[in-house]
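Trainee: below are the sequence and a predicted model for it; my questions follow.
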Amino acid sequence: MTTNKPTPLVEMRDISIAFGGIRAVDHVSVDLHPGEVVGLLGHNGAGKSTLIKCLSGAYHADSGQILINGKPVTINNPRDARAQNIETIYQTLALADNLTASANLFLGRELITGAGFVDDAQMEAETRKIMGRLNPNFRKFNVPVSALSGGQRQSVAIARAVYFNAKILIMDEPTAALGPQETQMVAELIQELKAQGLGIFLIEHDIHNVMKLCDRASVMKNGQLVGTVNIADVTDEDILGMIIMGKKPAKAA
Amino acid sequence: MTDAASNSPKSEHKPQSEAKRSLLQTLEVDTRLLGMIGAFLVICLSFQFWTGIRAMPVFVPNPLEWLSAGRFFVPQNTFNITIQTVSVAIMAAGMVFVIVMRHIDLSVGSLLALCSSVMAVFQTQIMPNTFGFGLEHPLTAPLSVLVGILTGVIVGSFQGWLIGYQRIPSFIVTLGGLLIWSRVAYFIAGGQTVGPLDGTFLMLGGTNGTIGVTASWILGAIAAAGAVYGLIKSRRARAGHGFPVKPVWAEAALSAIAVAAILGFVALLNSNEVPTARLRRLFAARGETMPEGYTEFYGIPISVLLLLIVALVLTVMSSRTRLGRYIYATGGNPDAAELSGINTRLLTVKVFGLMGGLCGISAAVASARLSNHSLDLGSLDELRVIAAAVIGGTALAGGMGTVYGAILGALIMQSLQSGMAMVGVDAPFQNIVVGMVLVLAVWIDIQYRKRTGV
């Protein structure tokens, strides 16, 4: 583990959460530094999504502690998470299909006119601005997002995180539904956000994406943390061994 | 045309349909709304022909004669249909939000009965006996309406709490409500018709309360000016941000249609004459005699005005407020709404509370129209209300529906029923037809969505 770095941006200490009798997350600790991408790996049901939902406010951990910049915080709901500049891009793309891109981008944080009404024109202008930066080909501002392609929808979800100045970004399989070109677009975006000093938790199944995008990887199995490794120190076989066998490579301790 | 020429000869119909579509697209008209208005007009015209043919002593094979002899599209009938639509339409406007949220409210008819019984008992017994204000006291009508709306909001919010916070399916909660509230209403009313009601209160019913010709024209003019101003304002807002706007002629055409529709509606209601016998009674009540040849016209009924206000407020709410945005977002994707920090449970309480309040308003209109609280008031209204919302394009899957659509749906149903009654279709057949129209409307909607990919 890194010991000489300053205080981590996020530290999740000893997190546990159980549903019924099943320990979905069992005493797991992970951390994240500014400008770093940490991959969260593991089989389906290993507990990665559950762990990260404690940070995004969708779940509340049974025990354990979350520290942001070294200070303990309480995150009870998505609103609390947003107040800490934590933005999440969900695997299931948390978009309301029947609303436009700008309505989705500002959902829960609408711009309001002086009279207290939602300012659709202003929101569309802001959406056009940010989409011009992230995905210049995006044109469909006046149709429900159900009419958009997977990549376009993903760029709306990412735009939401970027627009509201996320410091901590959680991406749950951001490229799962995308074609090769769109995957490349997301990869470039991750590099750009990283360069801006954001910390990114990346939940990812594709081992090539992990090797390409991540600085460190934390591997989980059956709700427990197998270990955290520096990507530069390991091969993809090492990581696959951790995911499948649950064994930590000897050389990267 | 160059486009079509370069295409294969298979697409010879293409240029025409493209030109048509681009006209509608330029106007940015809601084609679904257009379809509904078309269906409504077809229904009106059919009954106009039908009643025309029936009214003729000898059959003449001339459609123009049928049209002019028709009894459907005459001021008195349109006036009556408008009045009869109000109660269901007010509730249907609220039902849109309930269904958009992926819920259902089966209790609206019973809740209407409850609100009506509370209002009736309040003004005939509680006000005179407890406060000493009898009927015709100036405070009686407003206080009764307030109490009725409050009853609806409280009961509706309670049902919403059971649905949102206790996670009982809305179908079950409101099915229970359907059984419970009509019986509670029965006991409150003491198992009998309650009446007569306060005179001012009865003005909410329709015929007993109209605002007259001059006031109607003034209101119509204000509404027309408001519509034009709204169109100009939204155009400015879009242009101000450099977004594409419609060509000026399209805006002008839309404004002209809006103004014509508003003024036409006013003209229709204004042309309904008050019956001479009724005028004579009114004069006699004031101790005067009616001058010979005196005529008076009704103008806009207060109940219709009430419906229009409800429609306007709810439309603004649905499209321009956070509350409305959150209702549609929750209907579109409840998880997304929750993850965006929207309190969907509280939202459920609000929506059902609103529905209850609208039941209260609707109860005032319905009981005032019948001039007393009768025991079967509101029975089966839940089905009419849901049908109106669904015919008006509200999708039971959630996330989709408009207030104006629901009101148009209510109008279509009432026109069908009135028209069939006029041409002598038996009551059981009326229900059969309305049932078929309901299913047909939803089928057409599904086909439409499949074609357009919306």
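Mentor: Arrived safely, thanks for sending.
Trainee: which residues of chain A lie near chain B?
Mentor: Taking C-beta under 8 Å from any C-beta of the partner chain as the contact definition, chain A meets chain B at A:56, A:58, A:77-79, A:82, A:88, A:90, A:92, A:94-99, A:103-104, A:107-110, A:112, A:116-118, A:120-122, A:124-125, A:144, A:147. Bear in mind the C-beta positions are built from the backbone N, C-alpha and C, glycine included.
Trainee: burial count for the closest residue to residue B:93 other than its chain neighbours?
Mentor: Spatial nearest neighbour of residue B:93, excluding adjacent residues (C-beta to C-beta, 6 or more residues apart in numbering or on different chains): residue B:403 at 4.8 Å. Counted with other C-beta atoms under 10 Å in any protein chain shown, residues neighbouring residue B:403 total 28.
Trainee: try residue A:47
Mentor: The tally of other residues near residue A:47 (other C-beta under 10 Å) stands at 24.
Trainee: with residue A:181 instead?
Mentor: Neighbours around residue A:181, by other C-beta under 10 Å: 8.
Trainee: and it, that one's in a helix?
Mentor: Yes: assigned with DSSP: H, G, I helix; E, B strand; the rest coil, residue A:181 falls within a helix.
Trainee: where does it sit relative to residue A:214, distance-wise?
Mentor: Distance, residue A:181 to residue A:214, using C-beta to C-beta, to the nearest Å: 21 Å.
Trainee: ok, now residue B:252?
Mentor: Applying C-beta to C-beta, the value for residue B:252 to residue A:214 is 58 Å.
Trainee: which of the residues of chain A next to chain B fall in helices?
Mentor: Among the residues of chain A next to chain B, DSSP state H puts A:56, A:78-79, A:82, A:103-104, A:120-122, A:124-125 in helices.
Trainee: of the residues you listed, which is the most crowded?
Mentor: Neighbour counts for these peak at residue A:104, which has 29 neighbours (criterion: other C-beta under 10 Å).
Trainee: what's the local residue count around the residue nearest to residue A:127 when sequence neighbours are not counted?
Mentor: Once flanking residues are discounted, residue A:127 sits nearest to residue A:102: 3.8 Å by C-beta to C-beta, 6+ apart. For residue A:102, the neighbour count with other C-beta under 10 Å is 26.
Trainee: pLDDT score for the most centrally placed residue in chain A?
Mentor: In chain A, the residue lying closest to the centroid (C-alpha atoms, centre = their mean) is residue A:170, at 1.4 Å. On pLDDT, residue A:170 comes in at 91.
Trainee: mind showing which ranges of the chain have poor pLDDT?
Mentor: As the question left the chain open, I've gone with chain A. Filtered on pLDDT under 70, chain A yields the residue ranges A:1-5, A:91-93, A:250-253.
Trainee: wrong chain, I was asking about chain B
Mentor: Per-residue confidence for chain B (pLDDT under 70) gives these ranges: B:1-28, B:453-454.
Trainee: near chain A, which residues of it show up?
Mentor: Residues of chain B lying near chain A (C-beta under 8 Å from any C-beta): B:234, B:237-238, B:240-243, B:316, B:320-322, B:325-326, B:328-333, B:335-342, B:399-400, B:453-454.
Trainee: just want to know which of residue B:252 and residue A:214 has more residues nearby.
Mentor: Neighbours were counted for residue B:252 and for residue A:214 using other C-beta under 10 Å; residue A:214 has more, 24 against 13.
Trainee: so who does the more buried one touch?
Mentor: Counting by C-beta atoms under 8 Å, 6 or more residues apart in numbering or on different chains, residue A:214 makes contact with A:37-39, A:202, A:204, A:231.
Trainee: ok, these vs chain B, which is closest?
Mentor: Nearest to chain B among the contacts of residue A:214 is residue A:202, at 18.3 Å by C-beta to the nearest C-beta.
Trainee: sorry, back to before: how about the contacts made by the residue nearest to residue B:93?
Mentor: Residues near residue B:403 by C-beta under 8 Å, 6+ apart: B:93, B:96, B:311, B:314-315, B:318.
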